[in-house]
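> 3D model of this:
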Amino acid sequence: MSGGLVALLDDVAVIARLAAASVDDIGAAAGKAGMKAIGVVVDDTAVTPRYVTGFSPDRELPIIWRIARGSLRNKVVFILPAALLLSQFLPVAITPILMLGGAYLCYEGAEKLYEAVTGHGGHAAPEAQAAKLSTTEHEEQMVSGAIRTDFILSAEIMALSLAEVADESFWSRTVILIVVAVMITALVYGVVGLIVKMDDLGLKLANGTGAGRAFGRGLVKGMPMVLSALSVIGTAAMLWVGGHILLVGLEEFGLGGPYHALHDLAVAAGHAVPAIEGVVEWLVETLGSAIVGVVVGAIIVALMHLRPGKKAAAH
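The predicted structure is shown next:
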């Protein structure tokens with residue numbers, strides 16, 4: 001009997017070692033998949049702060065928490081099952097869906113440019129703006145808008161991650177992508193929370209004593225500029241990510257001319273500046289993708305503003 005118990009314990013030990021190895025493998029694969037999507041993660045981080053700009057400080061973290069929950073729900077409840085099922089049974093449908101998402105990002109970015117150029121929505125008095133920002137309806141609109149935009153970026157993150165672990169078994173892919181979803185959501189919205197609360201930290205330091213006062217004052221003065229810059233970066237990110245999705249999608253459908261032309265131009269520009277070749281290549285490809293995003297987004301914005309209902313609302 002003792003021999004049987006020892007054998008059983010040996011079997012348990014083997015199973016435990018295998019399970020530990022599997023966890024290590026999943027962790028490594030999740031890290032690799034997450035790194036593949038890091039560019040979109042940066043875009044997601046840049047886009048989100050503009051959705052809490054102007055709210056009272058006590059509402060900032062609750063709003064970010066609501067957006068984070070919506071983002072995780074997007075990834076795990078909607079995108080993950082759809083991505084796994086499509087990759088298993090209808091992989092050809094993934095690219096068109098991503099391209100629709102890319103077109104939506106182009107539209108969102110171009111709409112922001114249109115509003116900035118035309119001044120639409122920017123004529124209200126400060127008191128009216130403050131009253132609007134304090135309403136529950138406005139908060140609901142901003143949270144919903146953030147979650148909709150996040151859905152597209154999350155889909156791109158999950159698609160890039162899925163491509164990186166395509167050779168894994170179905171259940172391994174599932175676990176890895178869940179880990180990626182949780183890890184990236186925590187990273188993005190943790191960083192966003194820190195960014196939007198830095199001015200509050202600066203205010204506390206500024207009211208203190210010692211060397212921290214000067215640093216706190218610098219934070220208080222600098223954070224509005226940082227948030228404004230992030231808003232601009234977020235708009236640019238929507239345009240370049242959307243444009244890139246469309247270029248890659250066209251290439252997968254056999255229309256690779258625009259993508260290859262941009263890639264060749266980026267490589268040539270990088271070779272011209274060998275000291276920072278990689279940076280130059282990235283800048284040229286990003287700028288080219290953003291131009292595509294602006295063009296496509298402008299077309300969609302024009303079509304949307306030509307709608308009869310839209311024209312009537314404008315008058």
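> Phe262: neighbour count?
Actually, residue 262 is Leu. It isn't Phe. By other Cβ atoms under 10 Å, the residues close to Leu262 number 21. The C-beta positions use only the backbone N, C-alpha and C, and glycine is treated the same way.
> just checking, what packs against the strand or helix carrying it?
When secondary structure is defined by DSSP states H and E, Leu262 falls within helix 257-272. If contacts are counted by 3 or more Cβ pairs under 8 Å, 6 or more residues apart in numbering; DSSP states H and E, helix 257-272 sits against helix 212-252, helix 277-305.
> okay, now Ala211: neighbour count?
Neighbours around Ala211, by other Cβ under 10 Å: 9.
> Let me know the distance separating it from Ala103.
Using Cβ to Cβ, to the nearest Å, Ala211 is found at 51 Å from Ala103.
> Pass me the low-pLDDT residue ranges in the chain, would you?
1-48, 50, 53-54, 120-134, 210, 308-315 (pLDDT under 70).
> can you pull the buried residues of stretch 178-195?
When burial is assessed from 16 or more other Cβ atoms under 10 Å, stretch 178-195 yields the following buried residues: 179-181, 183-185, 188-189, 191-193, 195.
> scratch that, stretch 58-72
So, applying 16+ other Cβ under 10 Å, buried residues of stretch 58-72: 60-61, 63-64, 66-68, 70-72.
> Would you confirm that Pro224 contacts Asp199?
Yes: using Cβ atoms under 8 Å, Pro224 is in contact with Asp199, at 7.4 Å.
> of the two, who's got more company?
Using other Cβ under 10 Å as the criterion, Pro224 and Asp199 rank with Asp199 on top: 20 against 11.
> Ignoring the adjacent residues along the chain, who's closest to the more buried one?
Met223 (3.9 Å; Cβ to Cβ, 6 or more residues apart in numbering).
> Is Gly254 in a helix, a strand, or coil?
Following DSSP: H, G, I helix; E, B strand; the rest coil, the label given to Gly254 is coil.
> Next, work out how far apart it and Ile184 are.
In terms of Cβ to Cβ, Gly254 sits 32 Å off from Ile184.
> Also Gly293?
Per Cβ to Cβ, Gly293 is found 22 Å from Ile184.
> Kindly report the same for Thr286.
Relative to Ile184, and taking Cβ to Cβ, Thr286 is found at 21 Å.
> ok, now Val284?
27 Å.
> Which of the buried residues of stretch 178-195 sits closest to Val77?
Ala181 (10.0 Å; Cβ to Cβ).
> could you list every residue that touches the closest one?
Going by Cβ atoms under 8 Å, 6 or more residues apart in numbering, Ala181 touches 72, 75-76, 80, 154, 158.
> quick one: which of the residues you listed has the most company?
Highest count within the contacts of Ala181 by other Cβ under 10 Å belongs to Ser154, 29 neighbours.
> In contact with it, which residues?
Ser154 makes contact with 44, 71, 74-75, 79, 181, according to Cβ under 8 Å, 6+ apart.
> if you set the cut-off to 6 Å instead, what comes out?
Going by Cβ atoms under 6 Å, 6 or more residues apart in numbering, Ser154 touches 74-75, 79.
> which SS class is it?
Three-state call for Ser154 (three-state DSSP): helix.
> Distance of it relative to Thr235?
18 Å.
> Just the buried residues of stretch 178-195: which are in helices?
179-181, 183-185, 188-189, 191-193, 195 (DSSP state H).
> Greatest separation within those residues: which pair is it?
Val179 and Ile195 (24.6 Å).
> Output the helices and strands packed on helix 257-272 in a markdown table; the columns should cover distance to Phe55.
As requested, those are exported to a markdown table (distance: least, Cβ to Cβ, whole Å):
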| stretch | distance to Phe55 |
| --- | --- |
| helix 212-252 | 12 |
| helix 277-305 | 26 |
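> Report how many residues lie close to Ser169.
Count around Ser169 with other Cβ under 10 Å applied: 9.
> same question, the one 3 residues further on
Ser172 has 15 neighbouring residues, counting by other Cβ under 10 Å.
> Could you look up the SS state of it?
The assignment at Ser172 comes out as helix when based on three-state DSSP.
> separation between it and Leu86?
17 Å.
> Now do the helices in the stretch 1-150 of the chain.
For the stretch 1-150 of the chain, the helices defined by DSSP state H, counting those that start in this stretch occupy 2-36, 38-47, 57-73, 80-89, 94-118, 126-133, 136-164.
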